[in-house]
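**Q** Take a look and give me a structure for this.
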Amino acid sequence: MNKLFWIDMEMTGLDPDENRILEIAILITDHKLDIIDRFHAVIRTPKAILDGMDEWNTRTHTSNGLVKEAVNGRFIQEVEIDLLNLADKHFANKQIFLCGSSLSLDRMFIEKFMPSFAKKLHYRIVDVSSWKAIFQTFLDLRFHKQDAHRAMNDIEESLRELKLYLSYIDSDKLPEVLNLNL
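**A** Next up is the predicted model:
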(Lines give C-alpha, C1' and ligand atoms only; values in the text may rest on other atoms or scores of the structure.)
Protein backbone atom coordinates (compact mmCIF):
# COMPACT_ATOMS: atom_id res chain seq x y z
CA MET A 1 0.00 0.00 0.00
CA ASN A 2 2.08 2.91 -1.30
CA LYS A 3 -0.75 5.41 -1.58
CA LEU A 4 -3.90 6.12 0.36
CA PHE A 5 -7.25 7.40 -0.92
CA TRP A 6 -8.76 9.81 1.61
CA ILE A 7 -12.42 10.74 1.23
CA ASP A 8 -14.97 12.91 2.97
CA MET A 9 -18.51 13.61 1.89
CA GLU A 10 -21.26 15.91 3.04
CA MET A 11 -24.78 14.59 2.65
CA THR A 12 -28.33 15.88 3.05
CA GLY A 13 -28.82 13.34 5.85
CA LEU A 14 -27.69 9.94 7.09
CA ASP A 15 -29.91 7.55 5.11
CA PRO A 16 -28.77 6.77 1.55
CA ASP A 17 -32.29 5.67 0.65
CA GLU A 18 -33.70 9.09 1.56
CA ASN A 19 -30.74 11.47 1.21
CA ARG A 20 -28.13 12.55 -1.33
CA ILE A 21 -24.43 13.38 -1.51
CA LEU A 22 -23.84 17.14 -1.53
CA GLU A 23 -20.05 17.32 -1.68
CA ILE A 24 -17.01 15.08 -2.10
CA ALA A 25 -13.37 15.79 -1.32
CA ILE A 26 -10.46 13.47 -2.02
CA LEU A 27 -6.83 13.54 -0.95
CA ILE A 28 -4.30 11.09 -2.30
CA THR A 29 -1.34 10.65 0.03
CA ASP A 30 1.86 8.70 -0.17
CA HIS A 31 2.90 6.23 2.55
CA LYS A 32 4.34 9.15 4.56
CA LEU A 33 0.92 10.86 4.47
CA ASP A 34 2.15 13.67 2.24
CA ILE A 35 -0.58 14.93 -0.11
CA ILE A 36 0.20 14.19 -3.76
CA ASP A 37 -3.19 14.90 -5.34
CA ARG A 38 -6.59 16.32 -4.45
CA PHE A 39 -10.09 16.50 -5.88
CA HIS A 40 -13.22 18.39 -4.89
CA ALA A 41 -16.76 18.55 -6.27
CA VAL A 42 -20.11 19.88 -5.18
CA ILE A 43 -22.95 17.65 -6.39
CA ARG A 44 -26.02 19.09 -8.10
CA THR A 45 -28.93 18.55 -5.76
CA PRO A 46 -32.57 19.30 -6.62
CA LYS A 47 -34.16 22.09 -4.60
CA ALA A 48 -36.90 19.71 -3.40
CA ILE A 49 -34.27 17.50 -1.74
CA LEU A 50 -32.49 20.50 -0.23
CA ASP A 51 -35.82 21.78 1.09
CA GLY A 52 -36.47 18.37 2.66
CA MET A 53 -33.34 18.32 4.82
CA ASP A 54 -33.74 18.13 8.58
CA GLU A 55 -33.12 21.18 10.76
CA TRP A 56 -29.45 20.41 11.53
CA ASN A 57 -28.48 19.83 7.88
CA THR A 58 -30.45 22.86 6.69
CA ARG A 59 -28.82 25.14 9.26
CA THR A 60 -25.29 23.72 8.80
CA HIS A 61 -25.21 23.52 5.02
CA THR A 62 -26.92 26.88 4.56
CA SER A 63 -24.48 28.67 6.88
CA ASN A 64 -21.41 27.05 5.28
CA GLY A 65 -22.63 27.92 1.75
CA LEU A 66 -23.09 24.36 0.53
CA VAL A 67 -26.84 24.65 -0.15
CA LYS A 68 -26.26 27.60 -2.47
CA GLU A 69 -23.44 25.79 -4.31
CA ALA A 70 -25.35 22.49 -4.62
CA VAL A 71 -28.10 24.04 -6.73
CA ASN A 72 -25.56 24.51 -9.56
CA GLY A 73 -23.23 21.64 -8.71
CA ARG A 74 -22.00 18.85 -10.97
CA PHE A 75 -23.98 15.71 -11.78
CA ILE A 76 -23.04 12.71 -9.63
CA GLN A 77 -22.38 10.60 -12.75
CA GLU A 78 -19.73 13.10 -13.93
CA VAL A 79 -18.10 13.10 -10.51
CA GLU A 80 -18.05 9.31 -10.43
CA ILE A 81 -16.17 9.31 -13.77
CA ASP A 82 -13.66 11.75 -12.28
CA LEU A 83 -13.18 9.46 -9.27
CA LEU A 84 -12.69 6.45 -11.54
CA ASN A 85 -10.05 8.39 -13.49
CA LEU A 86 -8.34 9.47 -10.27
CA ALA A 87 -8.36 5.86 -9.06
CA ASP A 88 -6.86 4.64 -12.35
CA LYS A 89 -4.21 7.36 -12.26
CA HIS A 90 -2.98 6.50 -8.76
CA PHE A 91 -3.98 2.90 -8.16
CA ALA A 92 -4.06 1.28 -11.62
CA ASN A 93 -5.68 -2.12 -11.12
CA LYS A 94 -5.25 -2.24 -7.35
CA GLN A 95 -8.17 -2.05 -4.97
CA ILE A 96 -8.34 1.13 -2.93
CA PHE A 97 -8.18 1.35 0.85
CA LEU A 98 -10.50 4.22 1.80
CA CYS A 99 -9.21 6.50 4.53
CA GLY A 100 -11.10 9.11 6.50
CA SER A 101 -13.46 9.44 9.45
CA SER A 102 -16.66 7.48 10.04
CA LEU A 103 -16.28 5.79 6.68
CA SER A 104 -19.12 3.31 7.04
CA LEU A 105 -21.61 6.07 6.26
CA ASP A 106 -19.61 7.35 3.27
CA ARG A 107 -19.30 3.78 2.01
CA MET A 108 -23.09 3.29 2.06
CA PHE A 109 -23.59 6.42 -0.06
CA ILE A 110 -20.80 5.37 -2.46
CA GLU A 111 -22.42 1.94 -2.91
CA LYS A 112 -25.80 3.54 -3.67
CA PHE A 113 -24.81 6.50 -5.85
CA MET A 114 -21.44 5.53 -7.37
CA PRO A 115 -21.55 1.75 -7.88
CA SER A 116 -18.78 1.63 -10.49
CA PHE A 117 -16.42 3.45 -8.15
CA ALA A 118 -17.53 1.21 -5.26
CA LYS A 119 -16.26 -1.84 -7.18
CA LYS A 120 -12.71 -0.42 -6.98
CA LEU A 121 -12.76 -0.28 -3.19
CA HIS A 122 -11.12 -2.84 -0.92
CA TYR A 123 -13.14 -4.09 2.03
CA ARG A 124 -10.43 -2.82 4.40
CA ILE A 125 -10.49 0.81 5.47
CA VAL A 126 -8.35 3.16 7.54
CA ASP A 127 -10.92 4.85 9.76
CA VAL A 128 -9.50 7.68 11.85
CA SER A 129 -12.62 7.49 14.05
CA SER A 130 -11.35 4.15 15.38
CA TRP A 131 -8.00 5.74 16.25
CA LYS A 132 -9.91 8.59 17.93
CA ALA A 133 -11.87 6.14 20.08
CA ILE A 134 -8.70 4.33 21.17
CA PHE A 135 -6.74 7.49 21.98
CA GLN A 136 -9.67 9.08 23.84
CA THR A 137 -10.46 5.93 25.81
CA PHE A 138 -6.97 4.82 26.79
CA LEU A 139 -4.93 8.05 26.77
CA ASP A 140 -7.60 10.73 27.24
CA LEU A 141 -6.13 12.46 24.18
CA ARG A 142 -8.57 14.59 22.22
CA PHE A 143 -8.13 16.12 18.78
CA HIS A 144 -10.13 19.32 18.52
CA LYS A 145 -11.74 19.70 15.11
CA GLN A 146 -13.07 22.86 13.53
CA ASP A 147 -16.17 21.00 12.32
CA ALA A 148 -16.57 23.20 9.24
CA HIS A 149 -18.72 20.48 7.65
CA ARG A 150 -17.15 21.14 4.28
CA ALA A 151 -15.63 18.05 2.73
CA MET A 152 -12.13 19.37 1.96
CA ASN A 153 -11.70 20.98 5.39
CA ASP A 154 -12.94 17.84 7.09
CA ILE A 155 -10.71 15.42 5.18
CA GLU A 156 -7.66 17.62 5.75
CA GLU A 157 -8.51 17.56 9.47
CA SER A 158 -8.82 13.75 9.42
CA LEU A 159 -5.36 13.52 7.88
CA ARG A 160 -3.90 15.89 10.53
CA GLU A 161 -5.67 13.88 13.23
CA LEU A 162 -4.13 10.58 12.09
CA LYS A 163 -0.70 12.25 11.94
CA LEU A 164 -1.18 13.36 15.56
CA TYR A 165 -2.05 9.84 16.70
CA LEU A 166 0.84 8.31 14.78
CA SER A 167 3.23 10.79 16.42
CA TYR A 168 2.55 9.00 19.73
CA ILE A 169 3.82 5.70 18.41
CA ASP A 170 7.48 5.08 19.20
CA SER A 171 8.76 3.43 16.03
CA ASP A 172 11.83 2.16 17.91
CA LYS A 173 9.55 0.02 20.09
CA LEU A 174 7.45 -1.39 17.26
CA PRO A 175 9.65 -4.49 16.78
CA GLU A 176 9.17 -5.30 20.49
CA VAL A 177 5.42 -4.82 20.29
CA LEU A 178 5.12 -6.91 17.14
CA ASN A 179 6.93 -9.81 18.83
CA LEU A 180 4.65 -9.91 21.87
CA ASN A 181 2.93 -13.21 22.50
CA LEU A 182 -0.49 -12.17 23.71
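
**Q** buried stuff in the strand or helix carrying L159?
**A** Using DSSP states H and E, L159 falls within helix 151-167. Residues A151, M152, N153, D154, I155, E156, E157, S158, L159, E161, L162, Y165 are the ones in helix 151-167 that count as buried (16 or more other C-beta atoms under 10 Å). To be clear about C-beta, it is placed using only N, CA and C from the backbone, and glycine gets the same treatment.

**Q** count of neighbours near the residue nearest to H149 when sequence neighbours are not counted?
**A** Nearest non-adjacent residue to H149, counting by C-beta to C-beta, 6 or more residues apart in numbering: T60, 5.1 Å away. Around T60 sit 18 other residues, with neighbours defined as other C-beta atoms under 10 Å.

**Q** And T60, which helix or strand is it part of?
**A** When elements are defined using DSSP H and E, T60 is found to belong to helix 55-63.

**Q** same question, V79
**A** Per DSSP H and E: helix 76-91 holds V79.

**Q** the helices in the protein, which residues?
**A** 47-51, 55-63, 66-70, 76-91, 103-113, 115-118, 128-139, 151-167, 174-178 (DSSP state H).

**Q** any chance of the ones you listed in JSON lines, with mean pLDDT and distance to D15 too?
**A** Below are the helices of the chain laid out as JSON lines (pLDDT from 0 to 100; distance: least, C-beta to C-beta, whole Å):
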{"stretch": "helix 47-51", "mean pLDDT": "95", "distance to D15": "12"}
{"stretch": "helix 55-63", "mean pLDDT": "96", "distance to D15": "12"}
{"stretch": "helix 66-70", "mean pLDDT": "97", "distance to D15": "18"}
{"stretch": "helix 76-91", "mean pLDDT": "97", "distance to D15": "17"}
{"stretch": "helix 103-113", "mean pLDDT": "97", "distance to D15": "9"}
{"stretch": "helix 115-118", "mean pLDDT": "98", "distance to D15": "17"}
{"stretch": "helix 128-139", "mean pLDDT": "93", "distance to D15": "19"}
{"stretch": "helix 151-167", "mean pLDDT": "94", "distance to D15": "19"}
{"stretch": "helix 174-178", "mean pLDDT": "59", "distance to D15": "40"}
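
**Q** Please consider this matter closed, and thank you.
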